[in-house]
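In: Mind folding the following:
(chains A and B)
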Amino acid sequence: MSAPMSMGLSKARPMPSVRLSERAQRQLVGAGTVVALLLLWEGVVASGLVDPLYISSPSRILRVAIDQFGSGAIWPDIRVSSIEFLVGYVAAILVGIPLGLMIGWSRRLNYLLGPFIDILNAVPRVTFLPLLILWFGIGMNSKFAVVFMGAVIPIVIATHAGVRANEARFIRVARSFSASEWKIMTAIILPGTVPFLFAGLKYGAGRALLGVVVGEIYASTAGVGHMIVEAGNLFDTDTVFFGVLLFMAAGVAVTTILNRIERHFDAWRPRGLAQ
Amino acid sequence: MLRESYLACERGILGALAMAVFLVAWEGLARGWWADLLQPALGTAANVLRIRPIFLASPSAIAEMAFQMYFVTGEIWPHLGLSAFEFVVGFLIAASIGIPLGLVAGRYRLLSYAVEPLLAALNATPQVALLPLVVLWMGTGLPARIFIIVLLMIVPILINSHAAVRTIDPKWLRLARSFSASEWRLFRTIVLPAAVPFLLAGVRLAIGRGMIGIVVGEIYGSAVGVGVMINQAGSTFQTTRVFVGILTIVVAGLVLSEVVRRIERRVEVWRPSTSADS
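Out: Sure, this is the predicted structure:
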């Protein structure tokens, strides 16, 4: 919000010298830094200062990427990792949001389930991996479980916080116009939780991705994490970096998608309230 | 009277009740109570509820094993000590690099623009994916474990200290400037105090991620550490020991988050309330 506003200002008040708008400056400096770092990385390796065995180089990573996508060898791994992420994450959403709404709605239920949620929230859920592998094997099932456990806790907590943050006024108004519980839930509580909910969904997505990575590093037969570990064992640093980049791209993509959806659901909110 | 005192501690009572039911249900699964109970009704199908000790240790067995490992043989202490050491050193390194770097990057506009895309990229990447590289660089010993903890912890610390400076009301800075405060004084009296709540929030996030770092960093290790202990017990099907390790991490996590919460509450008291609504 601040960037377009300052652009408007600089247009309204002509500067004596030609100055870039704040937004352009930001993008230029940001992109420049990234390009400079990539060039430095490439240069350090090309000049023989550092063995590419240790840090690879942008051009080598690009070559691996072209190779892998060109031959299509990477798709099975991407498919496995995506399924692990999606199944676990969607299950976490389907369980987490209703559960968060319920413990936000009923004080007693919150008292009953609170200790379990607090305990699970205090530990990294990847700690349970040895157990999950014992229970579900090294295939995709154990990854579903760890991704689910990673994502569900932040989603429950955020949804709960969102319900608690609702204006009691709104609910009282709806009550006095004799709205049904269902109507109150869909018309007031749910829209009110959106900012919290999406914060939880984004945090949960990070945890879900972490679950995929750690689960696959720990024990797996396929997936991008599996590819990274195998490449690491063969000292194939280029492929390791390529895998890390894939995970980075996945992280950026998920965040972007969630931001889009959030903007769609939150479009009605007056700007001043949402900040 | 009775009802009032019940309502006063309803949270505690219901929480303890739920926990007790959960533990009894769990104990029953591990000991086959429920299978025996339902045998007449369900026949052999009830044996599904009898879970073999290889898959599930009963809470009483876990408690007994924990007592053994903590107070009789004392074998957990070296593991706990080394993991705690990794955690503390990792945190100190992450904080002493992350906080100054974040604050300085937030203070200067162009520098801030320069680091923003890097922080966003770092934040979107699950840093644990770098584990095979870290092993390639430094092996599987203590340095590698500390490095992965630093890598995980530094991200929220950097992001929050950067954000902390960016959200300082420019009025304060201009005011200090017009009274010709030096850059150092500005930093000490305005930037740093205003940043403290953000920094603590960053530290809270970092603690959670540091614990991930302990568990993940010790995947490859083969000697000492709580994570190593859990992994070794897991791969030799000593489920009770796995649970003791997890329990240890649960307790450590609860204690750490409580400590940070206390500190945060302290700071909030100290912080002038006017800054929130300005």
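In: So for the residue in the stretch 1-150 of chain B that chain A sits nearest to, what's the pLDDT?
Out: Nearest residue of the stretch 1-150 of chain B to chain A, counting by Cβ to the nearest Cβ: residue B:132, 2.7 Å away. C-beta coordinates here come from the backbone N, C-alpha and C atoms, glycine included. Residue B:132 is assigned a pLDDT of 89 by the prediction.
In: any idea how far it lies from residue A:134?
Out: Residue B:132 sits 24 Å away from residue A:134, going by Cβ to Cβ, to the nearest Å.
In: same thing with residue A:218?
Out: For residue A:218 relative to residue A:134 (Cβ to Cβ), the value is 12 Å.
In: Between those two, point out the one with more neighbours.
Out: Comparing residue A:218 with residue A:134 by neighbour count (other Cβ atoms under 10 Å in any protein chain shown), the higher total belongs to residue A:218, at 23 against 17.
In: residues touching that one, list them.
Out: The contact partners of residue A:218, taken as Cβ atoms under 8 Å, 6 or more residues apart in numbering or on different chains, are A:126, A:129, A:133, B:219.
In: These into a markdown table, with extra columns for distance to residue B:21, neighbour count and pLDDT?
Out: Formatted as a markdown table, the contacts of residue A:218 follow (distance: Cβ to Cβ, whole Å; neighbours: other Cβ atoms under 10 Å in any protein chain shown; pLDDT from 0 to 100):
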| residue | distance to residue B:21 | neighbour count | pLDDT |
| --- | --- | --- | --- |
| A:126 | 27 | 26 | 91 |
| A:129 | 27 | 27 | 92 |
| A:133 | 28 | 22 | 91 |
| B:219 | 34 | 24 | 84 |
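In: Adding secondary structure, write those out as a markdown table.
Out: Shown next, in a markdown table, are these (DSSP: H, G, I helix; E, B strand; the rest coil):
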| residue | secondary structure |
| --- | --- |
| A:126 | helix |
| A:129 | helix |
| A:133 | helix |
| B:219 | coil |
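In: Name the residues of the stretch 151-278 of chain B found near chain A, please.
Out: Counting by Cβ under 8 Å from any Cβ of the partner chain, the stretch 151-278 of chain B comes close to chain A at B:208, B:211-212, B:215-216, B:219, B:227, B:230-231, B:233-235, B:237, B:239, B:242-243, B:245-246, B:249-250, B:253-254, B:256-257.
In: Got a quick ChimeraX command for the buried subset of those?
Out: For the buried members of those, the matching ChimeraX selection, counting by 16 or more other Cβ atoms under 10 Å in any protein chain shown, is:
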select /B:208,211,212,215,216,219,227,230,231,233,234,239,242,243,245,246,249,250,253,256,257
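In: Tell me which helix or strand residue B:256 sits in.
Out: helix B:239-270 (DSSP states H and E).
In: ok now that helix, how far from the chain's centre?
Out: 7 Å (Cα atoms, centre = their mean, to the nearest Å).
In: Check stretch A:193-213 too.
Out: On Cα atoms, centre = their mean, the centre of stretch A:193-213 falls 5 Å from that of its chain.
In: So for it, mean pLDDT?
Out: Mean predicted lDDT for stretch A:193-213 stands at 92.
In: Point out the residues in the stretch 151-275 of chain A that sit beside chain B.
Out: Near chain B, when you scan the stretch 151-275 of chain A using Cβ under 8 Å from any Cβ, you find A:206, A:209-210, A:212-214, A:217-218, A:225, A:228-229, A:231-233, A:235, A:237, A:240-241, A:243-244, A:247-248, A:251-252, A:255.
In: what are the ranges of the helices in the chain?
Out: By default, I'm working from chain A. For chain A, the helices defined by DSSP state H cover A:2-12, A:22-46, A:52-55, A:58-71, A:75-105, A:107-122, A:129-136, A:140-164, A:168-176, A:181-184, A:190-218, A:224-233, A:237-265, A:271-274.
In: Hmm, no, I was thinking of chain B.
Out: B:2-8, B:10-31, B:33-42, B:59-67, B:76-107, B:109-124, B:131-138, B:142-166, B:170-178, B:183-186, B:192-217, B:226-235, B:239-270, B:274-277.
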